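1. this one's sequence-less:
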RNA sequence: GCCCGGGUGGUGUAGUGGCCUAUCAUUGAGCCCUGUCGAGGCUCGGACUCGGGUUCAAAUCCCGACCUGGGCGCCA
């Protein structure tokens, strides 16, 4: 849990040199001289005895001051420290059944490293709630609350689990540019930026670059990075800056990368399942069983039709259609065999070069959580001719994709891949309704600060 | 962009024309209290988003702006 510098820090309290985390101290530390440092979470003044609850990353330590036992000056000073101030306290550990963690600290010295102004923008103890907007405005303080803190520790665990899983399977982690030239894959709007004397954009996804790496012979790559979409959407499931996990694998089909995806999801759940902080979210996590159910686009439409929700073939699923399907299926599932018309130009058509096959269907899939779409992917077009034709038939200019198309002219293996939204995975896993809750400093249509 | 809600102390709220000198909780200031763990008791402080309008009278009704919650669309 810790890796604290043992070196003396200039201009800082000597009390933090041998700082311990609250949960490192136990009743068995009875009699030990320790120091703790953190935020003044709560103060309880009972007159002759005064409790100061210090909060640090690990949890809480109770500091107990008896009138007449500790120095009067220290007693008075401790009572005056405003809540949420940062303090360092040195004292003796005392085993104490009446204390929350079975021990308390009888202080000998206390330094206030930074006194907090009053009144606080929100309550860190959780006694009085605050609306999300208020919390995001004072995010630095919201992050001090147990619930919010643990969301982000879990987020870190999720990302580590993803890396562990993919590294284990021989994937190479890559970093592709976030400043890109005009070529959009279509669909979403891009954020224009000024790039010296030219116009450039923030990337909407690493799609084109990860595919180019297949032509480079990297075979299995992944990237975890921000993506930017300039859509004026206004929902609890969309952000203008999000984090995407993207993979691309050569010499495999969409079926293989679907397996990788469901195994990854199950692994992530299992890595989060035992995390003690889940209790702060009032959540019991069940690891989903794999393989996930697979339904085709046609079957989805059929299911919807049975509930009276008519989707015309070739139309994308509406929000309510997704919700209805989610209610019917009730667990993670794939939708496969999408019409090419509603999938990007790089999705491989089923009928490519094959007479008599179903027309206009792609080897494309979406991974759905009952409440939100999590990922989408496909077998990719690896024929230069077909790709060029697809780009043009989507009304895009092949010229602006030259840098990308070139990699298909000199040896591009068959390949497949997907993109997974990290925030969506987190919010669905933790049963959080608003995507903003799982991003430290979310960017939406209205919010650019903090 | 469209539709429907909502803006009251720092925070979360009650209040739908006069009973508002605006409720309650929490926070803040202070006092009492030697085992709190949502401590308890007492005192005090602190608010009707802004601008117009209707009315004898507006937190309350109407209009506009801004902010905000949800749904839809767009989108992943």
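-> That came through fine. This structure is a prediction, so every number in the text was calculated from the model and none was measured.
2. Tell me which residues touch the residue lying closest to residue A:368 once chain neighbours are set aside, please.
-> Spatial nearest neighbour of residue A:368, excluding adjacent residues (Cβ to Cβ, 6 or more residues apart in numbering): residue A:333 at 5.4 Å. C-beta: built from backbone N, CA, C; applies to glycine. By Cβ atoms under 8 Å, 6 or more residues apart in numbering, the residues touching residue A:333 are A:292, A:293, A:294, A:295, A:367, A:368.
3. and residue A:333, what pLDDT?
-> pLDDT for residue A:333: 96.
4. about what we covered before: please report which of the contacts of residue A:333 has the highest neighbour count.
-> Tallying neighbours with other Cβ atoms under 10 Å puts residue A:368 at the head of the contacts of residue A:333, with 26 neighbours.
5. neighbouring strands for the strand or helix carrying that one, and are they parallel or not?
-> Element membership for residue A:368 (DSSP states H and E) is strand A:364-369. Using DSSP bridges, the strands paired with strand A:364-369 are strand A:333-336 (antiparallel), strand A:372-379 (antiparallel).
6. Give me the residues contacting it.
-> A:254, A:258, A:261-262, A:265, A:292, A:294, A:322, A:325-326, A:329, A:332-338, A:340, A:343, A:347-348, A:373-379, A:418, A:420, A:424, A:428.
7. Packing partners of the helix or strand harbouring residue A:302?
-> Following DSSP H and E, the helix or strand that holds residue A:302 is helix A:297-306. With contacts taken as 3 or more Cβ pairs under 8 Å, 6 or more residues apart in numbering; DSSP states H and E, helix A:297-306 sits against helix A:319-329, strand A:333-336.
8. next one: phi and psi at the one residue in chain A that gets nearest to RNA strand B?
-> Nearest residue of chain A to RNA strand B, counting by Cβ to the nearest atom of the strand: residue A:48, 2.2 Å away. Per-residue torsions, residue A:48: phi -80, psi -20 (degrees, to the nearest 10).
9. does it really touch residue A:65, like I thought?
-> No - using Cβ atoms under 8 Å as the test, residue A:48 is too far from residue A:65 to be in contact (9.7 Å).
10. Counting neighbours around each, name which of the two comes out higher.
-> residue A:65 (25 against 10).
11. quick check, the more buried one in a strand?
-> Yes - with DSSP: H, G, I helix; E, B strand; the rest coil as the criterion, residue A:65 is part of a strand.
12. wait, it sits on residue A:46?
-> No - look at residue A:65 against residue A:46 with Cβ under 8 Å: they stay out of range, at 10.3 Å.
13. Do you know the pLDDT at the closest residue to residue A:411 other than its chain neighbours?
-> Leaving aside its sequence neighbours, residue A:411 sits nearest to residue A:215 (Cβ to Cβ, 6+ apart; 6.4 Å). Residue A:215 is assigned 96 on the pLDDT scale.
14. ok, residue A:328 - contacts?
-> Taking Cβ under 8 Å, 6+ apart, we find residue A:328 in contact with A:303, A:307.
15. got it, and residue A:181?
-> By Cβ under 8 Å, 6+ apart, residue A:181 lies in contact with A:200, A:201, A:400, A:403.
16. one more time with 6 Å
-> If you count contacts by Cβ atoms under 6 Å, 6 or more residues apart in numbering, residue A:181 has none.
17. RNA strand B contacts on the stretch 101-250 of chain A?
-> A:104, A:118-123, A:125, A:127-134, A:185, A:187-188, A:227, A:229, A:231-236, A:238-240, A:242, A:244 (Cβ under 7 Å from any atom of the strand).
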